[in-house]
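# Here's a sequence, model it:
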Amino acid sequence: MATTEQDVSSTVRSATSVAKRNIDQTADYAVSAFDDVQSVGAELRRAINKSMKKEPYTTLAMAAAAGFVLGALWRA
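Numbering: from 1, shown residues only. You can find the predicted model right below:
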């Protein structure tokens, strides 16, 4: 009987260890993905600001077109 309890305890400890490793790895991936999204967002913001200063009407037309497309997709 004691051997079975030891086997169960060992299995539970092993599963817990694997689960903790997977959670830590997933958290690392999430942080990395969040950093990447922030970087892309900052770059997009810089590009839009630069475009607004150089060609404001073109930027406005592109924003209107993007809004139209998103509105059409929203209805679908």
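
# Could you check the pLDDT of Phe68?
On pLDDT, Phe68 comes in at 95.

# so which helix or strand takes in it?
Using DSSP states H and E, the element containing Phe68 is helix 56-75.

# I'd like to know which elements that helix is packed against.
Applying 3 or more CB pairs under 8 Å, 6 or more residues apart in numbering; DSSP states H and E, one finds that helix 56-75 makes contact with helix 2-54. Yep, even glycine has a C-beta here, placed from its N, CA and C like the rest.

# What angle do helix 56-75 and the helix it packs on make with each other?
140 degrees (axes from the mean of the first three to the mean of the last three CA atoms, to 10 degrees).

# what mean pLDDT does helix 2-54 have?
92.

# distance between it and the chain's centre?
Counting by CA atoms, centre = their mean, to the nearest Å, helix 2-54 is centred 9 Å from the centre of its parent chain.

# now for that helix, which elements pack on it?
Using 3+ CB pairs under 8 Å, 6+ apart, the elements in contact with helix 2-54 are helix 56-75.

# Can you give me the buried ones in the helix it packs on?
Of the residues in helix 56-75, Thr59 count as buried by neighbour count, 16 or more other CB atoms under 10 Å.

# contacts for that helix?
When contacts are defined by CB atoms under 8 Å, 6 or more residues apart in numbering, helix 56-75 is touched by residues Ile48, Ser51, Met52.

# do you know how far Ser32 is from Lys50?
Using CB to CB, to the nearest Å, Ser32 is found at 27 Å from Lys50.

# In CSV, list the contacts of helix 56-75 along with distance to Gln25.
Converted to CSV, those look like this (distance: CB to CB, whole Å):
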residue, distance to Gln25
Ile48, 35
Ser51, 39
Met52, 41
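
# which one of those residues sits closest to Thr4?
The nearest member of the contacts of helix 56-75 to Thr4, counting by CB to CB, is Ile48 at 64.8 Å.

# Contact partners for the closest one?
Ile48 is in contact with Thr59, counting by CB under 8 Å, 6+ apart.

# Distance of it relative to Val31?
26 Å.

# Please apply the same query to Gly71.
Computed as CB to CB, the Gly71 to Val31 distance reads 34 Å.

# same deal with Ala61?
38 Å.
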